[in-house]
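> sequence unknown, structure follows:
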């Protein structure tokens, strides 16, 4: 009898379900889980200890723990949100005793469709608040749906999601948006639902549709809103809510930006069209206005010499999805203004008004820039800048913000540079009190709330810190300063790289581990702790790490039993140097490694090495060079 059959014969009782939040960079003492538990990680990064097993937590994962398991958390630079579902299960005593129990084991899965699991848990969280007997019955019913999904997704390899073609991922994301467009959706939440990083998802959308996922979501919402205005007498407030906008003013502004006219003007034109039996409101027209042959460049507004590869990919998406999002019409149109018609005086008036706004902006010393969150009007010379993450980037450009999140002020490499900068925490009131004239954020979820305080620029996180600095330099109108910084940064990194590579004999490789002497160890690739070592110093990665690690998720957990298969001739181990240090030579496994025998293992402070602003990266690079140089002298 297999585990699935055992679930069928078990008597189940759901004990509790809770949504939990853990602050960044905290150690949560070990606690006992008295009953079997499912732990669904919604977001964040941490080291999770379940009994004697250590797991690296990044993004969406699902864990199961048996009764009387000990759980301990060590959170990283991002907060951790998770839902814990506890239950009791009793197996029929007539079952053979040699059959194992699925309720007692510890395991982890990477869900192939986390959105379904998340939705079930969401319903259970709502029902658990109710005291009615029917709610308890509904929770039990949902629990069996949950188990069915877990068992099904446990069978699916996570590699199936990371298919070589981007089209299945984009299609799934569009289908998800089509079902949930009325709910709050951010790039991060959409990526979480698709079980990938936000950067990966954005890149795939741009590959296939030449636009980002949020732009597609806006297209969909505007198309749905337009149809509601055309076909119902619903109020604008109701339409805004039905299409995912809680603020009717923000909805109106977004609608005008997308279509070129306000909702009230749109509705007036709709009524006129109905009276005259004309159809000029293309945004609600479900009939394609052009041929669909991929080689007919003129029908798609493709200029001579422009590649049609994007359009070939574009139409690999089901046409029904493209029509639902208004993207098929968008590809066929030769203009971005859906309402543009020849001789349209209203449209000309709108264009004139926009020109007047731009002229007025110039006269009041502001300018409009293109950003990851759309066009933003920013001050030409901002004097009171607030940021959550990019404090080190701003300091690198000689700009000192007045406020930043405290966590990113704590980098040892920024010591003495952050004096006087206010810790904004997660408190909007603190930001308001600072009266900023410009805000930089890395988190798409913060854009809407920050934008109500001051002009807000979303800077997308990049694998190369240089690109992040370029984006900030552009937003500040300091492109020349950013270019000068980049030139100097590259020269200094190149000098350090030459020194470091000269200290590593030809043919030798480097591995970056984390955790010290543990049963399960984390191996890093070019991200996180490995960023300065591999990305900047270009030290040679051990061949098995290079072959097996996924660049989209640059870390993996391994058992200490296979440590030798991933260990290079040089090893860096990230630990908490304030409280941890290990005798590697005395360990039965670590002591057999060449790096340990030849005194080429280095313990580095994991806390110092997870800061990734340009100043911290530069400091880490120098630290590595100094370590290698000193050890070279020591070993002679």
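Yep, it's here. Note that the structure is predicted; figures quoted are calculated from it, not measured.

> Return the per-residue confidence for the nearest residue in space to residue 398 that is not next to it in sequence.
Using C-beta to C-beta, 6 or more residues apart in numbering and skipping residues adjacent in sequence, the residue nearest residue 398 is residue 481, 6.7 Å away. Backbone N, C-alpha and C define where each C-beta goes, glycine included. Residue 481 carries a pLDDT value of 96.

> Then the one 4 residues further on?
Residue-level confidence at residue 485 comes out at 96, pLDDT.

> Use 359 as the first number from now on
In the new count, where the first residue is 359, that last one comes out as residue 843.

> That one contacts residue 827, correct?
Yes. Between residue 843 and residue 827 there is a contact under C-beta atoms under 8 Å: 6.4 Å.

> These two: who's more crowded?
Higher neighbour count among residue 843 and residue 827: residue 827, with 27 against 20, using other C-beta atoms under 10 Å.

> So which bits of the helix or strand containing that one are buried?
Assigned by DSSP states H and E, residue 827 belongs to helix 823-834. Buried positions in helix 823-834, judged by neighbour count with 16 or more other C-beta atoms under 10 Å: 823, 826-834.

> contacting residues around residue 812?
Residues in contact with residue 812, defined by C-beta atoms under 8 Å, 6 or more residues apart in numbering, are 744, 794-797.

> nearest to residue 755, of those?
Distance ranking of these against residue 755, using C-beta to C-beta, places residue 796 first at 13.3 Å.

> Show the low-confidence segments of the stretch 709-858 of the chain, by residue range.
For the stretch 709-858 of the chain, residues meeting the criterion pLDDT under 70 lie at 709-722.

> Show me the helices in the stretch 359-508 of the chain, by range?
For the stretch 359-508 of the chain, the helices defined by DSSP state H, counting those that start in this stretch cover 361-367, 472-485, 491-512.

> Check those for me and report the most buried one.
Stretch with highest mean neighbour count among the helices of the stretch 359-508 of the chain: helix 472-485 (a mean of 18; mean count of other C-beta atoms under 10 Å).

> Centre-most residue in this protein?
Closest residue to the average C-alpha location of the chain: residue 556 at 3.8 Å, with C-alpha atoms, centre = their mean.

> Spatially, and excluding backbone neighbours, which residue is closest to that one.
Nearest non-adjacent residue to residue 556 (C-beta to C-beta, 6+ apart): residue 549, at 4.1 Å.

> Name the residues that touch the helix or strand encompassing that neighbour?
Remark: residue 549 resides in helix 545-552, with elements defined by DSSP H and E. Residues from elsewhere that reach helix 545-552, judged by C-beta under 8 Å, 6+ apart: 400-401, 417-418, 472-473, 476, 519, 527, 530-531, 534-535, 555-556, 558-560, 570-572, 575, 801-803.

> what do you get for stretch 764-781?
For stretch 764-781, the surrounding residues in contact (C-beta under 8 Å, 6+ apart) are 382-383, 435, 746-747, 749-750, 753, 758-763, 782-783, 788, 792, 966, 969, 971, 973-974, 976-978.

> gap between the two ends of it?
The stretch stretch 764-781 measures 5 Å between its terminal residues, going by C-alpha to C-alpha, to the nearest Å.

> Same check on stretch 462-472?
One end of stretch 462-472 sits 23 Å from the other (C-alpha to C-alpha).

> Could you do stretch 531-546 as well?
End-to-end distance of stretch 531-546 (C-alpha to C-alpha): 12 Å.

> same question, stretch 903-923
So stretch 903-923: terminal residues 9 Å apart, C-alpha to C-alpha.

> That one: which residues count as buried?
Neighbour counts over stretch 903-923 (16+ other C-beta under 10 Å) mark 903, 907, 911-916, 918, 921 as buried.

> what does stretch 572-592 give?
572-588.

> Check the burial of residue 541 by counting its neighbours.
Residue 541 has 9 neighbours, counted by other C-beta under 10 Å.

> Then residue 435?
Neighbours of residue 435 (other C-beta under 10 Å): 17.

> hang on, the earlier thing: any shared contact partners between residue 843 and residue 827?
When contacts are counted by C-beta under 8 Å, 6+ apart, residue 843 and residue 827 have 754-755, 972 as shared neighbours.

> Looking at those residues, spot the one nearest residue 855.
Closest to residue 855, out of all of the shared contacts of residue 843 and residue 827 and judged by C-beta to C-beta, is residue 972, at 15.6 Å.

> Surely the closest one is in contact with residue 827?
Yes. The pair residue 972 / residue 827 is scored as a contact, 6.1 Å apart, by C-beta under 8 Å.

> what do these two both touch?
751, 754, 843.

> In helices, which of these fall?
751, 754, 843 (DSSP state H).

> Take these and lay them out in a markdown table including distance to residue 390.
Compiled in a markdown table, those are given as follows (distance: C-beta to C-beta, whole Å):
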| residue | distance to residue 390 |
| --- | --- |
| 751 | 43 |
| 754 | 46 |
| 843 | 51 |
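
> quick check, nearest of those residues to residue 932?
residue 751 (23.1 Å).

> What is the burial count for that closest one?
26.

> Surely it is in contact with residue 825?
No. With contact defined as C-beta under 8 Å, residue 751 does not count as touching residue 825 (10.7 Å).

> before we move on, the earlier item: give the contact list for the residue nearest to the centre of the chain.
Neighbouring residues of residue 556 by C-beta under 8 Å, 6+ apart: 545-546, 548-549, 802.

> again with residue 587
597, 621, 624-625, 628.

> So which of the contacts of stretch 764-781 belong to strands?
If you go by DSSP state E, those have 761-762 in strands.

> ok, back up a step: dump the buried residues of helix 823-834 to TSV, plus distance to residue 601.
Output for the buried residues of helix 823-834, formatted as TSV (distance: C-beta to C-beta, whole Å):
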residue	distance to residue 601
823	37
826	33
827	37
828	35
829	30
830	33
831	36
832	32
833	29
834	34
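
> All the helices of the stretch 659-808 of the chain, residue numbers only.
Assigned by DSSP H, counting those that start in this stretch, the helices in the stretch 659-808 of the chain fall at 667-672, 677-683, 685-690, 703-721, 749-754, 764-767, 786-792, 805-809.

> Spatially, what comes nearest to residue 418 if we skip its sequence neighbours?
In space, and not counting its chain neighbours, residue 418 is closest to residue 472: 4.6 Å by C-beta to C-beta, 6+ apart.

> That neighbour contacts residue 441, correct?
No. With contact defined as C-beta under 8 Å, residue 472 does not reach residue 441; the gap is 11.4 Å.

> what's around residue 994, how many residues?
Residue 994: 5 surrounding residues under other C-beta under 10 Å.
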